[in-house]
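# starting from these lines, generate the structure:
(one chain, ligands or ions: 1)
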Amino acid sequence: MKTYVVGNWKLNFTVGESSIYLHKIQKKIPNYRDIEVVVAPSTLALQSLSLQIDRHKMKLAAQNAFYRDFGAYTGEVSFEQLRGLVDYCIIGHSERRYIFGEDDKTIQKKVAAALRNKITPILCIGETESERAFGETADVIRDQLMSGLSDVSEEEIEKVIVAYEPVWAISSVKGAKLASPDEIGDAVKMIREILKEIYGAKTAEKVAILFGGSVNPSNAGGYLTVPGVNGLLIGGASLILDEFTDIINVAKRVKS
Ligand code: PGA
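Now for the predicted structure:
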């Protein structure tokens, strides 16, 4: 399986800045065939970056999209409209869940819409600090995963990526803490078990599971060696050229 290094730029960079930054990343990294480098710029920049990107080196992801293909949905962008522009879409990021009120049903429909439009969903799941404190981590992981995947068939699941992102470890969250490799290992094991229950052991092994939460060049190697972790979803550090490319090089060193 490939190793994924996904940079989520969130609400940062103008279209011009995104283009300059993409150019710099592409100049700095070689074509690592076993490392899938993905960046998720603002929706506004996707059109121009899709023309600029060297797809041998990198791929594009959307940060969000709406689950209906067309219609009276003012202000939305659909997966159908993103088809051909992006290979991936981040779905169910905690900022979408908690700032924009996306519920499990919405996320389930978005996962299905992405697959219908040949876009690989990166389904984010993870507990908040208080859910962890109340011992609800396992339940939250199960609920978010099961509902996110409710419309996903056995043939489709291999095209889905799951990202475990404990909300309390995301760098922009107040008082964020670093997740320990053991904590990540336990969660990833749970995710893999649930995938096995639904899709069988052989298929479950083919699903990539990423970790995200305050990843930087110094902890990336440790996180990538947690059993079952197939890549990283990176926020803050993906905005800094040297940090992002260092993480890509760490991934290459650790995983190949
Ligand atoms: P972070 O963000 O790497 O800045 O913690 C991760 C994310 O929100 O996906």
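# which one is the closest residue to the ligand within the stretch 101-250 of the chain nearest to, not counting chain neighbours?
For the stretch 101-250 of the chain, the residue closest to the ligand is residue 235, as judged by C-beta to the nearest ligand atom, at 2.2 Å. In short, each C-beta sits where N, CA and C put it, glycine included. Distances taken as C-beta to C-beta, 6 or more residues apart in numbering place residue 8 nearest to residue 235, at 5.1 Å, with adjacent residues excluded.
# just residue 120 next, same as before
residue 88 (4.8 Å).
# can you name the residues bridging to the residue nearest in space to the middle of the chain?
Centroid-nearest residue in the chain: residue 122, 4.4 Å away (criterion: C-alpha atoms, centre = their mean). Note on residue 122: beta-bridge partners by DSSP bridges are residue 90, residue 161.
# likewise for residue 5?
Beta-bridge partners, per DSSP bridges, of residue 5: residue 37, residue 232.
# that one: neighbour count?
Residue 5 sits with 31 neighbouring residues when counted by other C-beta atoms under 10 Å.
# please apply the same query to the one 5 residues further on.
Residue 10 is surrounded by 18 other residues when neighbours are defined as other C-beta under 10 Å.
# the spatially closest residue to it that is not a sequence neighbour and residue 74, how far apart?
The shortest distance from residue 10 to any non-neighbouring residue, by C-beta to C-beta, 6+ apart, is to residue 235 (6.2 Å). Look at residue 235 and residue 74: by C-beta to C-beta, to the nearest Å, they are 29 Å apart.
# neighbour-wise, which of the two wins?
Ranked by neighbour count (other C-beta under 10 Å), residue 235 and residue 74 place residue 235 first, with 23 against 4.
# got the contact list for the closest residue in space to residue 43 that isn't next to it in sequence?
Among residues not flanking residue 43 along the chain, residue 77 sits closest, at 5.5 Å (C-beta to C-beta, 6+ apart). Contact analysis of residue 77 by C-beta atoms under 8 Å, 6 or more residues apart in numbering lists 43, 62, 65-66.
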